[in-house]
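Novice: Have a look; sequence and predicted model below, questions after that.
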Amino acid sequence: MSERQNHGHGKINDNDSTILIPDDSEEYRKYAQEYSRQNYGQNPSVQQNYQGYQQNYQQQYYNNDPGGVQQPYYGQQQYQGQQGGYYPQQPYYGGQYPQQNPYPQQPKYPPQKKKRKKKKKKRKSLFLKIFFRVFFSLLIIFLLIFGIYSCVSLSLISKINYRETGERDRTPGAMSEKYVDSVLVIGTDGRTIDDRGRSDSMILVSFNRKTNQIIMTSFMRDSYVDIPGQGMDKLNAAYSYGGPELLMDTIESNFNVKIDNYVSVNFSSFAAIIDAAGGIDLKISDEEAEAINVILVSEVNELMGDEPAADFLTGGGKVHLSGKQALCYSRIRYVGNNDFERTSRQRTVMTELIKKAASSGPSFVKKVSEKALPNITSNMTKGELYRLSLRLPFVLNYDMEQIQIPVEGSYWGESVYAGDVLAMDYEDNIRTIRKKVFAED
């Protein structure tokens, strides 16, 4: 009799290919009865369901398996209630469990993301909003101010008499640098805008952006120079011969400094500019005060339509000069060292004027536009004057440097057919201009 027909009388090893039918084993029947008595004795309907299930189970898994399968493994048997019945745990078949899982799985939910703290982001976002609001507010204010300034500036520029530059005889290789802008300021003794007159003062005003300086270079009127097409003569004669173009060519060729632009100011406009600044305060001597009174009575009061003795000074000291008085002060020639002190006085007046313009603000501009600008002539276009006006608020605070040409020790006096003149060492004066005007530090 084979082990399969032994009905539980022999042992079944793990390696045997045969199994014992569960209900054919004495041990199994005892176990089932005991289990039924403990769990289903009080519930006949459950027991009947279980027996029906057991028969279907045996028929499905054992009667249709002629080769036989291993006896199912029941460790600690567990049952699950389903539709009023109890079913045993799926058996263990040949080291594998059936794929069907009798226990319902819990639904899987996607993992919840942790909420990030947004405090820092909110703070950063708030900061950016405030920053951009302030930035755009300042930008709008700047554009408004810039627009108003530009409109005012252009309206003033339009009042200046523009004269197109005439023919020039330029000097190749004359000194110039991109960081230096120069304008030749010509003070004439002309009474009206059409009266050329003589160049009473010639000051090259240079703005050096590297050294942050305004350099005022005065050229003395009695300097003995070679006037292109006219020969040797006094420097102020060049303006009489050919106007501002010939004067610029003469300075450029004799002193090797490039000059492109000029501003011409006559008596009336000079006095109006000083008055627009509210006058200037200067310390003068008694001799200078007397010389001012002489010039007032001899020419300036008549030119201005005033009484001959109007605006006389009582003496020297620290005095407040009006436009007429400052004009007379600039024309003093026979007090002190003649023309040397005269050019020094002109630079002093211009220095004080720049200071007053920087401190007076809009009132200065308004008065200048009403009285002075119509009497000012320039070859600078509106675009050039506008660009210069944009720089003025910055350059007016530059340090000021004064130069007088010819410089001390570089000249001597001579008497020629044109009168008493100042002959000079040109190379020495050119070196001084290069060192002062075109300095880089």
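Specialist: Okay, I see it.

Novice: Tell me where the longest helix sits in the chain.
Specialist: helix 119-157 (DSSP state H).

Novice: Following element in sequence after it, please.
Specialist: strand 161-162 (DSSP states H and E).

Novice: got the contact list for that following strand?
Specialist: 193, 374-382 (Cβ atoms under 8 Å, 6 or more residues apart in numbering). Every residue, glycine included, has its C-beta placed from N, CA and C.

Novice: Now intersect those with the strands, please.
Specialist: For the contacts of strand 161-162, the ones inside strands are 376-378, with DSSP state E as the criterion.

Novice: mind checking the end-to-end distance for stretch 160-176?
Specialist: By Cα to Cα, to the nearest Å, the extent of stretch 160-176 from end to end equals 26 Å.

Novice: Just the buried residues of it, please?
Specialist: Residues of stretch 160-176 classed as buried: 160, 171, 175 (neighbour count, 16 or more other Cβ atoms under 10 Å).

Novice: is it true that the last one touches residue 259?
Specialist: No: the pair formed by residue 175 and residue 259 falls short of the contact definition of Cβ atoms under 8 Å, at 10.2 Å.

Novice: returning to that earlier point: buried subset of the contacts of strand 161-162 as a PyMOL selection?
Specialist: To isolate the buried ones among these in PyMOL, judged by 16+ other Cβ under 10 Å, type:
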select buried, resi 375+376+377+378+379+380
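
Novice: wait, which of the contacts of strand 161-162 is closest to residue 316?
Specialist: residue 375 (30.2 Å; Cβ to Cβ).

Novice: could you list every residue that touches the closest one?
Specialist: By Cβ under 8 Å, 6+ apart, the contact list for residue 375 reads 161, 193, 265-266, 268-269, 272.

Novice: and if you look at residue 358?
Specialist: 396-397.

Novice: Using the three-state scheme, assign it.
Specialist: helix (DSSP: H, G, I helix; E, B strand; the rest coil).

Novice: what's the answer for residue 178, then?
Specialist: Assigned with three-state DSSP, residue 178 falls in the coil class.

Novice: what's the answer for residue 314, then?
Specialist: Following three-state DSSP, residue 314 is assigned to coil.

Novice: try residue 412
Specialist: Put simply, residue 412 is strand when judged by three-state DSSP.

Novice: Beta-bridge partners for it, please?
Specialist: Applying DSSP bridges to residue 412 yields these beta-bridge partners: residue 423.

Novice: Distance of it relative to residue 419?
Specialist: Distance, residue 412 to residue 419, using Cβ to Cβ, to the nearest Å: 15 Å.

Novice: Same question for residue 440.
Specialist: To residue 419, residue 440 is 40 Å away according to Cβ to Cβ.

Novice: Hmm, residue 281 and residue 318 touching each other?
Specialist: Yes: with contact defined as Cβ under 8 Å, residue 318 reaches residue 281; the gap is 6.5 Å.

Novice: where in the stretch 251-400 of the chain is pLDDT low?
Specialist: The model of the stretch 251-400 of the chain has pLDDT under 70 over residues 360-371.

Novice: Show me where it has its helices.
Specialist: 267-276, 286-295, 301-304, 323-331, 338-360, 362-367, 382-395 (DSSP state H, counting those that start in this stretch).

Novice: tell me the most buried of those?
Specialist: Counting by mean count of other Cβ atoms under 10 Å, helix 323-331 has the highest mean neighbour count of the helices of the stretch 251-400 of the chain, with a mean of 25.

Novice: what does that helix rub up against?
Specialist: Residues contacting helix 323-331 (Cβ under 8 Å, 6+ apart): 187, 200-201, 267, 270-275, 279-280, 282, 284, 288, 291-292, 295-296, 300-301, 304, 306, 311, 313, 321, 342, 345-346, 349.
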